[in-house]
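Asks: this is a predicted model, with the sequence first.
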Amino acid sequence: MDEFLQIAVSGVVTGGIYALIAIGFVIVYKATGVINFATGELMMLGAFFAWTAMAVAKLPFAVALLLAALGAAGVGALVERVVLRPMLGQRPISIIMVTIGLSAVFKGIAQVVWGGEYRSFPAIFPRKPIELGPVILPSRQAWPFLIALAAIVLLAALFRFTRTGTAMRATANDQATAFGMGIDIRRVFSFSWVLAAVTAALAGVVVGVIGGISPQLGAVGLRIFPVVILGGLDSIGGALVGGVVMGVLENLAGGYLDPLFPGAGIKEVAPFFALVLILMVRPWGLFGTREIERL
Amino acid sequence: MIIGNFKVSYADDEALFRTPASRAWLWVLLGAVVLFPFLASDYLLYLANLVGIFTIAALGLNILTGFTGQISLGHAAFVGVGAYATAIVATRLGLPFWLAVPVGGLASCLAGALVGTPSLRIKGLYLAIATLAAQVILEWVFNNWTGMTGGIRGLNVAPAGLWGFEFDTDRRVYFLVAGLAALHTWAAANLFRTRVGRAFIAVRDRDISAELMGIDLFRTKISAFMISSYYAGIAGGLWVYFAKVVTPESFPLSLSIQFLAMIIVGGLGSIKGTIFGAVFVTLVPEGLRAVVQGATAYSPDAMSWLAPMKDIVFGGMIVGFLVFEPHGLAEIWNRVRRFFWLWPFPK
């Protein structure tokens, strides 16, 4: 039982981080209908911004986090304006490929600027592990998880209570009506990319603090597809639930199935088996909008 | 001077060659393909083989994505299925290559049918994600089904042989690759003159209208998946006799993306464009390598820039084509041709 709890809790921790990444992804999909394959690379860039601020410029963690968010916001705005806006209304294949192309460019740029080697963040958090009853969480996981949680709460508040958040929800709900009510759709598009990039940057810092960073960090981006499909591509609450469920599932698969198939890395692939099942049964996910085609 | 392309019968409309000149040029091209191995260097032949294999695979992807409108992010995995099937029947059952390669094609075809089954229920972005899952899962199978695939050590295969002639060097494999590539290009070009191929295009343009016109959607989509992965499987089988070894890391997601880049750069829904794309996407990194090698004269550590430069150029190429020339190289080719047709008049 203790073992199960330990696995489940560390699954929730992983899941919280997945949820944060997935939210950035969902924001863009909801507002602009773009599946963003560059999410992972935006994370990687954000993590490198924060790392540079901390390790090279010797700034405190909070300032580094802020700088990373600002840098990512710039990248997000630029990408939306220069690349995504001319692509509005194109076929899905073109839009998918343009974000894949962007991810390759980001990876290349990061390798040129920071080199290919693996780096780790300077120690930031108290070393003492956190004990929750029988479960022990290493501080390297617990603190980043708390940051992820705080970011999720902040984002939810932003959507619920601010003017911009309301405009974004209105646009996602019905673009034409929102436009008719005087909402500047282009600004909403631009802001959703900024927000997504900032979210991705925070997630990148969180992942980087736990496991170190390299230009390959973006590979984590692929793991969010099971999460967002389970939750529903256009549901922020769904991203949260999906993240936690997939995190727990992944850890349980790692804990209980790995001994049966030694060395097979069941943990990495289990979410994708789940993904196939979900697509067969309920492609729009738990909380997503079911697409209905009208003629 | 040709002032217009007037078609006065259905036979004209369906013809493979619009003008006698284009038929003549094709013979010139075929002659060049046959003469190439007698003139070119080993390195060029190696590249030509790569281009030929990628052409077959990219044709398959273009049939599925460009002509039928079903996005696949798992094409490399189907190439992998074909390669492993070929390698396994060649080593275990000792089948000759002319049986083993088609077996690879058929195995991949079956895998394609399996992965394509959900395509009736899900489409667009969702289908893309489903094929992404197929890529991840198949790659995992290649790595871990050690009994069959040999795991990360892979499988070694003897060169193909026919009546005592061994296809053991790139120069000799070229004939195999070029022959099959020509055959498959010809088949693909003719596919779209048949009912099946026309149905593919109708499904791409508007699946609901296609269904109302009496096209069985499910059958059409499944056949597109099967034909597409059959092409991938043949490319995989050729890969086996080209590389002489099959390892799981030969078929990563990045290769799937490379195939997609080929059909986008070349032109979605264009046979000619697929070939342009396969040539272009394969040769650009090689050109880059030559440039970087030249740069080592000025800066000794230039080679370390090669990998990131490749990423940047590759990504930039995809983004650039999508934003500025969405119809790809095929459209540029048509524009150039039109210019010469109409010369000296402005277009």
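Replies: Happy to help now that I have it.
Asks: tell me which element residue 177 is part of?
Replies: Chain wasn't specified; assuming chain A. A:Thr177 belongs to helix A:175-180 when assigned by DSSP states H and E.
Asks: could you do chain B instead?
Replies: For B:Val177, the host element (DSSP H and E) is helix B:170-191.
Asks: so which residues of the stretch 1-150 of chain A form helices?
Replies: Assigned by DSSP state H, counting those that start in this stretch, the stretch 1-150 of chain A shows helices spanning A:2-32, A:39-51, A:61-79, A:92-114, A:139-161.
Asks: okay if I get the ones you listed as CSV plus mean neighbour count, mean pLDDT and distance to B:Ala181?
Replies: Glycine gets a C-beta too; all of them are placed from N, C-alpha and C. What follows is these, written out as CSV (neighbours: other CB atoms under 10 Å in any protein chain shown; pLDDT from 0 to 100; distance: least, CB to CB, whole Å):
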stretch, mean neighbour count, mean pLDDT, distance to B:Ala181
helix A:2-32, 23, 85, 39
helix A:39-51, 29, 92, 34
helix A:61-79, 19, 92, 38
helix A:92-114, 22, 89, 24
helix A:139-161, 17, 82, 50
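Asks: so for B:Arg198, which of those sits nearest?
Replies: Of all these, it is helix A:92-114 that lies closest to B:Arg198, at 20.9 Å by CB to CB.
Asks: for the closest one, packing partners?
Replies: In terms of contacts (3 or more CB pairs under 8 Å, 6 or more residues apart in numbering or on different chains; DSSP states H and E), helix A:92-114 is packed against helix A:39-51, helix B:125-144, helix B:253-266, helix B:306-324.
Asks: so the very next helix or strand once past the last one, near chain A or not?
Replies: Helices and strands here follow DSSP H and E; after helix B:306-324, the next one along the chain is helix B:328-342. No. Counting by CB under 8 Å from any CB of the partner chain, chain A is not contacted by helix B:328-342; separation bottoms out at 11.1 Å.
Asks: how far out from the middle of the chain is helix B:328-342?
Replies: Relative to its chain's centre, helix B:328-342 lies at 23 Å (CA atoms, centre = their mean, to the nearest Å).
Asks: repeat for stretch B:90-97
Replies: Centroid separation for stretch B:90-97 versus its chain: 25 Å, with CA atoms, centre = their mean.
Asks: do the same with stretch A:243-252
Replies: 15 Å.
Asks: quick check: mean pLDDT of that stretch?
Replies: Average pLDDT, stretch A:243-252: 88.
Asks: ok, residues contacting that stretch?
Replies: Stretch A:243-252 is contacted by residues A:7-8, A:10-22, A:223, A:226-227, A:230-231, A:267, A:270-271, A:274 when judged by CB atoms under 8 Å, 6 or more residues apart in numbering or on different chains.
Asks: can you lay out the helices and strands packed on helix A:92-114 as JSON lines showing distance to A:Met168?
Replies: Listed next are the helices and strands packed on helix A:92-114 as JSON lines, based on distance: least, CB to CB, whole Å:
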{"stretch": "helix A:39-51", "distance to A:Met168": "18"}
{"stretch": "helix B:125-144", "distance to A:Met168": "20"}
{"stretch": "helix B:253-266", "distance to A:Met168": "31"}
{"stretch": "helix B:306-324", "distance to A:Met168": "25"}
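Asks: any idea which of the ones you listed gets closest to A:Leu195?
Replies: Within these, the stretch nearest A:Leu195 is helix A:39-51; the backing value is 11.4 Å (CB to CB).
Asks: is chain B contacted by the closest one?
Replies: No. Between helix A:39-51 and chain B, judged by CB under 8 Å from any CB, nothing touches; the nearest distance is 9.6 Å.
Asks: residues in the stretch 1-150 of chain A within reach of chain B, list them.
Replies: By the rule CB under 8 Å from any CB, the part of the stretch 1-150 of chain A lying against chain B is A:35, A:83, A:86-87, A:90-94, A:96-98, A:100-109, A:111-112, A:116.
Asks: at 10 Å what do you get?
Replies: Taking CB under 10 Å from any CB of the partner chain as the contact definition, the stretch 1-150 of chain A meets chain B at A:29, A:33-35, A:37-38, A:41, A:79, A:82-87, A:90-113, A:115-116.
Asks: quick one: residues in contact with stretch B:192-205.
Replies: If you take CB atoms under 10 Å, 6 or more residues apart in numbering or on different chains as the criterion, stretch B:192-205 is touched by A:91, B:13-16, B:63-70, B:188-191, B:209-211, B:213-217, B:219-221, B:223-224, B:227-228, B:268-269, B:271.
Asks: could you list the buried residues of it?
Replies: By neighbour count on 16 or more other CB atoms under 10 Å in any protein chain shown, the buried set for stretch B:192-205 is B:192, B:197-200, B:202-204.
Asks: list just the nearest of those residues to A:Thr52.
Replies: B:Arg204 (46.1 Å).
Asks: would you mind writing the CA trace of stretch B:229-238 as PDB?
Replies: Presented in PDB, the C-alpha positions along stretch B:229-238 are these (Å, rounded to 0.1, in the frame of the first residue of the first chain):
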ATOM      1  CA  SER B 229       1.900   2.000 -46.500                       C
ATOM      2  CA  TYR B 230       2.600  -0.500 -49.300                       C
ATOM      3  CA  TYR B 231       4.800   2.100 -50.900                       C
ATOM      4  CA  ALA B 232       6.400   2.700 -47.500                       C
ATOM      5  CA  GLY B 233       7.000  -1.000 -47.100                       C
ATOM      6  CA  ILE B 234       8.700  -1.300 -50.500                       C
ATOM      7  CA  ALA B 235      10.900   1.600 -49.600                       C
ATOM      8  CA  GLY B 236      11.700  -0.100 -46.400                       C
ATOM      9  CA  GLY B 237      12.600  -3.400 -48.200                       C
ATOM     10  CA  LEU B 238      14.900  -1.500 -50.500                       C
END
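Asks: can that stretch be said to contact chain A?
Replies: No. Stretch B:229-238 lies apart from chain A when judged by CB under 10 Å from any CB; the minimum separation is 16.9 Å.
Asks: for A:Phe121, phi and psi?
Replies: Per-residue torsions, A:Phe121: phi -70, psi 150 (degrees, to the nearest 10).
Asks: nearest residue to the middle of chain B?
Replies: Relative to the mean C-alpha position of chain B, the nearest C-alpha, by CA atoms, centre = their mean, is the one of B:Ala58, at 1.7 Å.
Asks: list the contacts of that residue.
Replies: B:51, B:65-66, B:75, B:231-232, B:235, B:258-263, B:265-266, B:273-275, B:277-278, B:281-282.
Asks: and for B:Ser229?
Replies: Residues near B:Ser229 by CB under 10 Å, 6+ apart: B:57, B:60-61, B:63-64, B:72, B:74-75, B:77-79, B:81-82, B:105-116, B:236.
Asks: A:Gly108 contacts A:Gly218, doesn't it?
Replies: No. Assessed by CB atoms under 10 Å, A:Gly108 is found out of contact with A:Gly218, at 11.4 Å.
Asks: identify the contacts common to the two.
Replies: Shared contacts of A:Gly108 and A:Gly218 (CB under 10 Å, 6+ apart): A:Glu41.
Asks: against A:Phe25, how distant is A:Val276?
Replies: According to CB to CB, to the nearest Å, A:Val276 and A:Phe25 sit 19 Å apart.
Asks: any chance of the buried residues of stretch B:192-205 in JSON lines, plus pLDDT?
Replies: Formatted as JSON lines, the buried residues of stretch B:192-205 follow (pLDDT from 0 to 100):
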{"residue": "B:Phe192", "pLDDT": "89"}
{"residue": "B:Gly197", "pLDDT": "90"}
{"residue": "B:Arg198", "pLDDT": "90"}
{"residue": "B:Ala199", "pLDDT": "92"}
{"residue": "B:Phe200", "pLDDT": "92"}
{"residue": "B:Ala202", "pLDDT": "92"}
{"residue": "B:Val203", "pLDDT": "90"}
{"residue": "B:Arg204", "pLDDT": "89"}
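Asks: out of those residues, who's nearest A:Ile183?
Replies: Using CB to CB, the shortest approach to A:Ile183 within these belongs to B:Arg204, at 34.3 Å.
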